[in-house]
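In: Structure, please.
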Amino acid sequence: MVHIPCESCAMPIQEGQKYCKFCAPDGKLLPLSKILENMSDVMAKKHGLTEDDAFNKTVNYLKKMPAWTETLEKLEKK
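Out: Numbers count the residues shown, from 1 in each chain. Now for the predicted structure:
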């Protein structure tokens, strides 16, 4: 079985899809703010991080994801 990653978070998805059920629960990609909130919460709980540390790690992770690369680059330039 080939691992096809979600373009937003890298969770495994089925062939022909771009996003996982967490990033696009209704088939439409959630806003970046919601993805950051959700992923930061999971990261904090799973790894015992502070909210700030989890948020920063999540931002750095999402910078590598195709769905967010351009958006996060634009935010950094502001």
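In: Going by C-alpha atoms from here, please, whenever you check contacts or count neighbours.
Out: Will do.
In: all strands of this structure, in order?
Out: Assigned strands in the chain, in chain order: 4-5, 12-13 (criterion: DSSP state E).
In: just checking, what packs against the last one?
Out: Contact analysis of strand 12-13 by 3 or more Cα pairs under 8 Å, 6 or more residues apart in numbering; DSSP states H and E lists strand 4-5 as its packing neighbours.
In: The strand it packs on: how far from the chain's middle?
Out: 13 Å (Cα atoms, centre = their mean, to the nearest Å).
In: ok, residues contacting it?
Out: 10-15, 18-19 (Cα atoms under 8 Å, 6 or more residues apart in numbering).
In: which ones are touching Ile13?
Out: For Ile13, the contacting residues are 3-6, 19-20, by Cα under 8 Å, 6+ apart.
In: just for this protein, where's the confidence low?
Out: 1, 77-78 (pLDDT under 70).
In: for it, longest helix please?
Out: In the chain, assigned by DSSP state H, the helix with the most residues is helix 32-47.
In: What residues sit buried inside it?
Out: 32, 35-36, 39-41, 43-44 (16 or more other Cα atoms under 10 Å).
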